[in-house]
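Peer 1: predicted model and sequence below, questions to follow.
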Amino acid sequence: MVQSYVLDDPRPIAASAPYTYFLPSAARLAAIEPGDQVKLLFRSLAASPKYDVERMWVCVLAVDGEHFEGTLENAPFDMPGLKKGERVSFERFHVVSIDFQDAAKEDRIGDEPGRQYWDRCMVDRCVLYEGVPVGYLYREDDLLEREGDKYPDSGWRIRGDARGLSDAEVDSREAEYVALGTVLNRDDSWLPLIDEPKGSAFLRNFTTNTYDKQ
């Protein structure tokens, strides 16, 4: 039977979005053993699937170096030819998440996650979608935060490079309320400023590629 799916390699995704897409550490990957469950990215080869990629759990049955065998623990939503319980072959690098059978293993690994940047900010859409570099940023009170928000408003307001533009052109730019990490994925030149207090403002000097306090 022709296989109806392929497994995506998550490493290029993580490399393109290092501040919002996190893979298990080398220590966690090395600790996988039979009985553990791992999440993989299944991409359908069907002509018109509803979902191009489904993130699904696989129970590990056997480990041979970097090669694994397991059984699919989820029922695919829209992946013809693949069913829960089917055998799945994969490599260690395919793993995007791990649920260890032995809960104490987490403590034994002692792997501390790095800082993540999920607090929100306002940013010009041109920075997110048009490759325009950050040109000016300031931090104000968290005016956009709403009760029940999972992540708070950081207060950062991030504008794209405005050199050569009129005030009207700059003012016409649309903005989005997104995670700080989403902006850092596009331009992380301002990361050293991220803990500056409210009331701070910085203008980018493109000659030195540094930020001057305003």
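Peer 2: Okay, I see it. Numbers count the residues shown, from 1 in each chain.
Peer 1: tell me the contacts of residue 85?
Peer 2: The contact partners of residue 85, taken as Cβ atoms under 8 Å, 6 or more residues apart in numbering, are 71-72. Every C-beta, even on glycine, is put in place using the N, C-alpha and C of the backbone.
Peer 1: how's the protein carved up into domains?
Peer 2: The record's domain split for the chain, according to automatic domain parsing, is 5-109, 120-213.
Peer 1: reformat those domains as a markdown table; add mean pLDDT.
Peer 2: Rendered in a markdown table, the data for the domains of the chain read as follows (pLDDT from 0 to 100):
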| stretch | mean pLDDT |
| --- | --- |
| domain 5-109 | 92 |
| domain 120-213 | 95 |
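Peer 1: name every strand pairing with the lengthiest strand in the chain and say which way it goes.
Peer 2: Of all the segments assigned as strand in the chain under DSSP state E, the longest by residue count is strand 53-64. Its sheet considered, strand 53-64 pairs with strand 37-44 (antiparallel), strand 67-72 (antiparallel) by DSSP bridges.
Peer 1: distance from the chain centre to that strand, please.
Peer 2: Relative to its parent chain, strand 53-64 has a centroid offset of 21 Å by Cα atoms, centre = their mean, to the nearest Å.
Peer 1: output it as PDB, nothing but the C-alphas.
Peer 2: Output in PDB follows, covering the C-alpha atoms of strand 53-64 (Å, rounded to 0.1, in the frame of the first residue of the first chain):
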ATOM      1  CA  VAL A  53      -0.700  18.900   8.600                       C
ATOM      2  CA  GLU A  54      -2.000  17.200  11.800                       C
ATOM      3  CA  ARG A  55       0.000  17.100  15.100                       C
ATOM      4  CA  MET A  56      -0.600  13.600  16.500                       C
ATOM      5  CA  TRP A  57       0.700  11.400  19.300                       C
ATOM      6  CA  VAL A  58       2.500   8.200  18.700                       C
ATOM      7  CA  CYS A  59       3.300   5.600  21.400                       C
ATOM      8  CA  VAL A  60       6.900   4.500  21.100                       C
ATOM      9  CA  LEU A  61       7.300   0.700  20.800                       C
ATOM     10  CA  ALA A  62      10.900   0.300  19.900                       C
ATOM     11  CA  VAL A  63      14.100   2.400  19.600                       C
ATOM     12  CA  ASP A  64      17.000   1.600  17.400                       C
END
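Peer 1: buried ones in it?
Peer 2: 54, 56, 58-60 (16 or more other Cβ atoms under 10 Å).
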